[in-house]
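# Structure, please.
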Amino acid sequence: MDLKYLTAVVRFPIQMVYYILKACVYLLLPCKRKDLSGSVVLITGGGRGIGRHLAREFAKQGAKKLILWGRTERSLRETCSEIQQIGTECHYFVCDVGNREEVYRQAKVVREKVGDVTILVNNAAVVHGKTLIDSDDDALLKTQHINTLGQFWTTKAFLPRMLGLCDGHVVCVNSILSLSSIPGAIDYCTSKAAAFAFMESLTLGLLDCPGMTCTTVLPFHTNTEMFQGMRIRFPQLFPPLKPELVAQRTVDAVRSNKAFVYLPWTMHALVILKSFLPQFALEEIHRFSGTYTCMNTFKGRT
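Here you go, the predicted model:
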């Protein structure tokens, strides 16, 4: 065997042990947080829900400028005004991320009027909450365009300049449903699974790019208008997350350069169980927890 390859084979397990120990140490000791004072943050879906709380949190943590994108001007204007009252420069632009041409056009306007974006937060999402048979074809396409393809367009619009500056962070507010789907939200689960694969590939693809980092946040059911009416069988055991908590953990993950964040941490167990439990057992977990029927009472907005 070639000496170079033999060295690599011997070194590999040593590196694995080193990185595992390093990760354990980071869990116990606080790591240095990134300074956001020079950051220009763009948040899609920034007018309401988690997006609004993200804007508040980035402002509190000292971001230099905030840019809000969304489809509803009224909510964007209200959130922008709130952020400006905090004392942070904030701008908003009406933009449907599912529309490729609109994304590229508004990205150009942002660069001209505000400057270069250094933190892109892909947060915009919709859910229709219906079975495949009951779903309208246009509604299915809308979910894929906004939840998945929208991240392609926004990242393509802003990533080149981040690479040129050697300063950039791409964030995806995803969902644990990207890894563990439920009935009644087939459009959402599919789009989020694709978005997760997109971020996995992007994160690995930027490993050797100086100054570039990625963060994917995978929260459990969050108490926002989007999933209004969704019911879990044991809310005391599995309470919905507060959007302000999701926002806080997301910004903290950006500041500490964490690649993947599961909320709550118990969601790690779900992913592990899926890797070895038989399908019958997984189906029983869905029935026991109530996720099998949780979308029956769905009244959320799209």
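# Just give me the residue closest to the centre of this structure.
Centroid-nearest residue in the chain: V173, 1.4 Å away (criterion: CA atoms, centre = their mean).
# pretty sure that one contacts A247?
No. Counting by CB atoms under 8 Å, A247 is not a contact partner of V173; they are 9.0 Å apart. In short, each C-beta sits where N, CA and C put it, glycine included.
# Pull up the overlap in contacts between these two.
I50, L54 (CB atoms under 8 Å, 6 or more residues apart in numbering).
# Pull the contacting residues for the closest residue to the residue nearest to the centre of the chain other than its chain neighbours.
Of all residues not flanking V173 in the chain, N123 sits nearest, at 4.3 Å (CB to CB, 6 or more residues apart in numbering). Shown in contact with N123 (CB under 8 Å, 6+ apart): I43, T44, G45, G46, I50, G51, L54, V171, V173.
# Now with 7 Å, please.
Counting by CB atoms under 7 Å, 6 or more residues apart in numbering, N123 touches I43, T44, G45, G46, I50, G51, L54, V173.
# again, but for K130
By CB under 7 Å, 6+ apart, the residues touching K130 are G184.
# Now do the helix or strand encompassing L273: everything it contacts.
Here L273, judged by DSSP states H and E, is contained in helix 267-276. Helix 267-276 has contacts (CB under 7 Å, 6+ apart) with I176, L179, S180, L218, F220, Y262, L282.
# how about 6 Å then?
For helix 267-276, the surrounding residues in contact (CB atoms under 6 Å, 6 or more residues apart in numbering) are I176, L179, S180, Y262.
# could these be laid out in JSON lines, adding pLDDT?
Shown next, in JSON lines, are the contacts of helix 267-276 (pLDDT from 0 to 100):
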{"residue": "I176", "pLDDT": "94"}
{"residue": "L179", "pLDDT": "93"}
{"residue": "S180", "pLDDT": "90"}
{"residue": "Y262", "pLDDT": "95"}
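# Tell me the one among these nearest to L277.
S180 (11.5 Å; CB to CB).
# what's around the closest one, how many residues?
For S180, the count of nearby residues is 20 (other CB atoms under 10 Å).
# Report the separation between the closest residue to it other than its chain neighbours and L282.
Using CB to CB, 6+ apart and skipping the chain neighbours, the partner closest in space to S180 is L270 (5.6 Å). Using CB to CB, to the nearest Å, L270 is found at 10 Å from L282.
# Neighbour count for those two, which is higher?
Neighbour totals were compared for L270 and L282, and L270 leads with 16 against 13 (other CB under 10 Å).
# Got the confidence number for the more buried one?
In this model, L270 is scored at 83, pLDDT.
# follow-up on the earlier one: using CSV, write out the CA atom coordinates for the helix holding L273.
The C-alpha trace of helix 267-276 is given here as CSV (Å, rounded to 0.1, in the frame of the first residue of the first chain):
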residue,chain,number,x,y,z
MET,A,267,-35.2,15.5,18.8
HIS,A,268,-31.8,13.9,18.5
ALA,A,269,-33.4,10.8,20.0
LEU,A,270,-36.1,10.7,17.3
VAL,A,271,-33.5,10.8,14.6
ILE,A,272,-31.5,8.0,16.2
LEU,A,273,-34.6,5.8,16.7
LYS,A,274,-35.5,6.2,13.0
SER,A,275,-32.1,4.7,12.1
PHE,A,276,-32.7,1.3,13.6
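# which residues of this structure score low on pLDDT?
Where the chain drops to pLDDT under 70, the residues are 1, 26-27, 30, 301-302.
# again, only this time at 90
In the predicted model, the chain carries pLDDT under 90 at residues 1-33, 129-131, 135, 182-184, 221, 223-240, 264-277, 281-302.
# ok, which stretches of the stretch 151-300 of the chain are strands?
Using DSSP state E, counting those that start in this stretch, the strands of the stretch 151-300 of the chain run over residues 168-173, 212-219, 260-263.
# residues in contact with the last one?
With contacts defined as CB under 6 Å, 6+ apart, strand 260-263 is touched by T216, V217, L218, P219, R249, A253, H268.
# Columns neighbour count on top of these, output as JSON lines?
Below are these laid out as JSON lines (neighbours: other CB atoms under 10 Å):
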{"residue": "T216", "neighbour count": "24"}
{"residue": "V217", "neighbour count": "25"}
{"residue": "L218", "neighbour count": "23"}
{"residue": "P219", "neighbour count": "23"}
{"residue": "R249", "neighbour count": "19"}
{"residue": "A253", "neighbour count": "20"}
{"residue": "H268", "neighbour count": "12"}
